[in-house]
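> Output the structure for:
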Amino acid sequence: MSSDQVAIQISKLSKCYEIYDAPRDRLKQFILPALQRKTGRSPKRYFREFWALRDVSFDVMKGETIGVIGRNGCGKSTLLQMICGTLSPTEGSIRTQGRIAALLELGSGFNPEFTGRENVYLNAAVLGLTKSEIEARFDAITAFADIGEFIEQPVKTYSSGMMVRLAFAVIAHVDADILIVDEALAVGDAFFTQKCMRFLRQFMKTGTVLFVSHDTSAIVNLCSRAILLEHGKVVEIGIPKEVTKQYLATLYESTQDVKGVSNGDPEMQVAAELPDYRDMRESMINTSTLRNDIEVFRFSAEQLGFGTGDAKINSVHLLDENGVPLSWIVGGENVILDISCIANKEIYRPIIGFQFKDRLGQVIFSDNTFLSYREEHLTIKAGNTFNARFAFRLPILPSGDYSISPAVAEGTQEDHVQHHWIHDALIVRVHASSVCFGLLGIPMRKISLEVQT
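As a prediction, this is how the structure comes out:
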């Protein structure tokens, strides 16, 4: 591997902070150790060490997009700040090649008393642009930020979203070689986030990106490799889908606190059952090569999973409307997802759910039993089996591989303990599809084309 191909080289990087229990200890540390050394005594320390990062090493190749993931306090932001040069390492070395543009903490690099215009010139100059280059790009920067007349107002009057808009607009126009983004896009609105994603994808074709996020789907979808940090150390570097699985497992094991996929009003009732229907083009599509043929593989209990083990998932099947297991499905058909479990201990208020994910690990759809049974407070005795069935019309899926990850938990939607979660327990493979674009297709009741004369 040529060193010319390495954009960022991190070698045995560590960062230590001195933690003082009282302000007077800081003064003692400044004065007393020198006096103790003069008298021949071993100097005493009046602080505790906190290692935010410890012995971190990895290389980022030019043109590569690396995702950094981990729980709060694991050292992600400290790592990025040292790469950008705003923090000095305690040990180790960092070598970078090319101009770095970074979007770190909200508002970092901005003077709150300066106007947006003045901060554009200041930030772009710090990133290496000359005044003439900034002037040539100023209109493009303001158009990207889209904050209107606020560009002439002090930054201290900006909302968090406006701050991110301006900061990202600057780094998008400085011709950086390395782009570093630390979770800042989480405060942007949906339209601006999509604009940023389009820029990122274009930048990723030639530039190097170091991307920090708690969004596992973003890590899987955007990155070629991922790094999992835990307590300041690198736990794993590898394929994003596998690294995010391990992150999810450690997150559940440490907190056992997960918010569900939906929040509904139990008092609201559906006025009438929606009539069933099929795609108006189904007979034509199903006699062509576009029929959404979906192969169903066997349930695999050996897949990576996690949980307390107080309940265990025994099987996962896709069934037809008569309860017969399916090995082949056509997209748009009614199916039943059956998840069977056994209680190893008494389970109070069980919740069974699933995620249906695409090949990149993005959740296409998901659901669980909590809302349907929130008032019943079921108890499952130890040794008993129990199962959940989800009846729905399978969407029309683009070609490719998909997976179903089932889970069984105990408690409520907002506060529960995860007993067993299996990643990718059931695989389905779509061999053909009529979907042109998007993550999935839905049956159309009617499509019309009218000409007005």
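> rest of the way, CA atoms for contacts and neighbours
Will do.
> Low-confidence regions, the stretch 251-400 of the chain specifically.
For the stretch 251-400 of the chain, the stretches with pLDDT under 70 are 253-285, 287.
> how about the strands of the stretch 351-453 of the chain, start to end?
In the stretch 351-453 of the chain, the strands defined using DSSP state E, counting those that start in this stretch lie at 363-368, 379-380, 385-393, 400-411, 416-422, 426-430.
> out of those strands, which comes closest to Q81?
When these are compared by Cα to Cα, strand 363-368 sits nearest Q81, at 31.4 Å.
> Pull the number of nearby residues for the closest residue to T379 other than its chain neighbours.
Counting by Cα to Cα, 6 or more residues apart in numbering, T379 lies nearest to Y348, which is 4.4 Å off, once chain neighbours are set aside. By other Cα atoms under 10 Å, 14 other residues sit near Y348.
> can you pull the contacts of Y348?
377-380, 410-411 (Cα atoms under 8 Å, 6 or more residues apart in numbering).
> All the helices of the protein, in order from the start?
With DSSP state H, the ranges of helices along the chain come out as 23-38, 76-84, 116-126, 131-145, 160-171, 190-203, 216-222, 240-255, 282-285.
> Which of those sits closest to I364?
Using Cα to Cα, the helices of the chain put helix 216-222 closest to I364, at 10.5 Å.
> What helices and strands are in contact with that closest one?
strand 65-69, helix 240-255 (3 or more Cα pairs under 8 Å, 6 or more residues apart in numbering; DSSP states H and E).
> residues contacting the closest residue in space to G148 that isn't next to it in sequence?
Nearest residue to G148, sequence neighbours excluded (Cα to Cα, 6+ apart): T142, at 7.8 Å. By Cα under 8 Å, 6+ apart, T142 lies in contact with 148, 151, 166, 169.
> Quick one: buried ones out of those?
151, 166, 169 (16 or more other Cα atoms under 10 Å).
> Make sure the last one is actually in contact with I147.
What that stands for is A169. No. With contact defined as Cα atoms under 8 Å, A169 does not reach I147; the gap is 10.6 Å.
> thinking Y402 is in contact with R429, fair?
Yes. Y402 lies in contact with R429 (Cα under 8 Å); the separation is 6.2 Å.
> Give me the nearest residue to G309, chain neighbours excluded.
Per Cα to Cα, 6+ apart, closest to G309 is H419, 5.2 Å.
> So which bits of stretch 74-93 are buried?
Quick answer for stretch 74-93 (16+ other Cα under 10 Å): 74-84, 89, 93.
> what sits up against it?
10-16, 52-53, 55, 68-70, 94, 96, 100, 102, 104, 180, 182, 212, 229-233.
> among those residues, which are in strands?
10-16, 52-53, 55, 68-69, 94, 96, 100, 102, 180, 182, 212, 229-230, 233 (DSSP state E).
> Please tell me how far the spatially closest residue to D146 that is not a sequence neighbour sits from A143.
Closest residue to D146 apart from its sequence neighbours, by Cα to Cα, 6+ apart: R165 at 7.5 Å. Remark: distance between R165 and A143 (Cα to Cα, to the nearest Å) = 10 Å.
> quick one: which of those two has more around it?
Using other Cα under 10 Å as the criterion, R165 and A143 rank with R165 on top: 25 against 12.
> Now the two most distant members of the contacts of T142.
Longest span within the contacts of T142, Cα to Cα: G148 and A169, 13.2 Å.
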